[in-house]
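> okay, here's the prediction I keep looking at, along with the sequence it came from:
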Amino acid sequence: MPGPAPLPWFAFSLSLAPGGVRERLQGVLPPAVPEGEVAEALDVELVHDVLAPEWEGRVARLVDTPGRRVIGRLRAVPAPLWPQVAALEERLALATHERPLRVRTASGALVSARAFTPPAPARPAVGPVSESFLVALARAAESAKLPADYVTRLQAEAQLVQTIQRAQAQRLR
């Protein structure tokens, strides 16, 4: 008798890169899940409004935004590994909220999937966007072989935030 069907997980953040996971979590191995396929979550975008002291700034969460999309990988997770995936996402980026998404695969198929994201903050977060989180996000996307234009956009965003925040810090001195 076959076990439960795999669960569709849309990975879009730091969990895309097993090497980065091991580095960030000091040797913790991510669950062994299939690499999956490049896909895009529809009608969402990343907003950096969750304060994460361990990242020294604000990190990203998924926010409903019609017409926008986030690139990632659609992975089929064996049901027994789902709690490990949830724990990994929480440890990496405070992603404790499991939410449904509509995802378009590289072949054009529309599927339902689940993603982990930090919950909406109770009040607006004050402080800088985490430069190290942005850099790690861009590296994870590159490691996961996401489309080059998406990786370039994430890298440019990290560079822009870094430049702006350093200029603001110098102006305050």
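Received, thanks. Numbers count the residues shown, from 1 in each chain.
> in the lengthiest strand in the chain, what's buried?
Using DSSP state E, we find that the single longest strand of the chain is strand 57-77. Across strand 57-77, burial judged by 16 or more other C-beta atoms under 10 Å covers 57-62, 69-75, 77. Glycine gets a C-beta too; all of them are placed from N, C-alpha and C.
> what do you get for stretch 43-59?
Buried, per 16+ other C-beta under 10 Å, within stretch 43-59: Val44, Glu45, Leu46, His48, Asp49, Val50, Leu51, Ala52, Trp55, Gly57, Arg58, Val59.
> show me where this structure dips below the pLDDT cut-off.
Applying pLDDT under 70 to the chain flags the ranges 1-2, 21-22, 27-29, 173.
> break down it into its strands, ranges please.
7-11, 37-52, 57-77, 97-105, 110-117.
> reformat these as TSV; add distance to Leu172.
Shown next, in TSV, are the strands of the chain (distance: least, C-beta to C-beta, whole Å):
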stretch	distance to Leu172
strand 7-11	37
strand 37-52	20
strand 57-77	16
strand 97-105	34
strand 110-117	32
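> out of the buried residues of strand 57-77, which comes closest to Ala120?
Among the buried residues of strand 57-77, Arg61 lies closest to Ala120 (C-beta to C-beta), at 7.0 Å.
> the closest one contacts Leu51, doesn't it?
No - judged on C-beta atoms under 8 Å, Arg61 makes no contact with Leu51 at a distance of 11.2 Å.
> so Gln165 makes contact with Val129?
Yes - contact criterion C-beta under 8 Å: Gln165 and Val129 qualify, at 7.2 Å.
> okay, these two: which has more neighbours?
Legend: neighbour count by other C-beta atoms under 10 Å for Gln165 and Val129, higher for Val129 (20 against 15).
> skipping adjacent residues, who's closest to Pro18 in space?
Sequence neighbours aside, Pro30 is the residue nearest to Pro18 in space, at 5.1 Å (criterion: C-beta to C-beta, 6 or more residues apart in numbering).
> Ser15 versus that neighbour, what's the distance?
7 Å (C-beta to C-beta, to the nearest Å).
> looking at the two, which is more packed in?
Under the criterion of other C-beta under 10 Å, the comparison of Pro30 against Ser15 puts Ser15 first, with 26 against 22.
> which residues touch the more buried one?
By C-beta atoms under 8 Å, 6 or more residues apart in numbering, the contact list for Ser15 reads Val21, Pro30, Val85, Leu88, Glu89, Leu92, Ala140.
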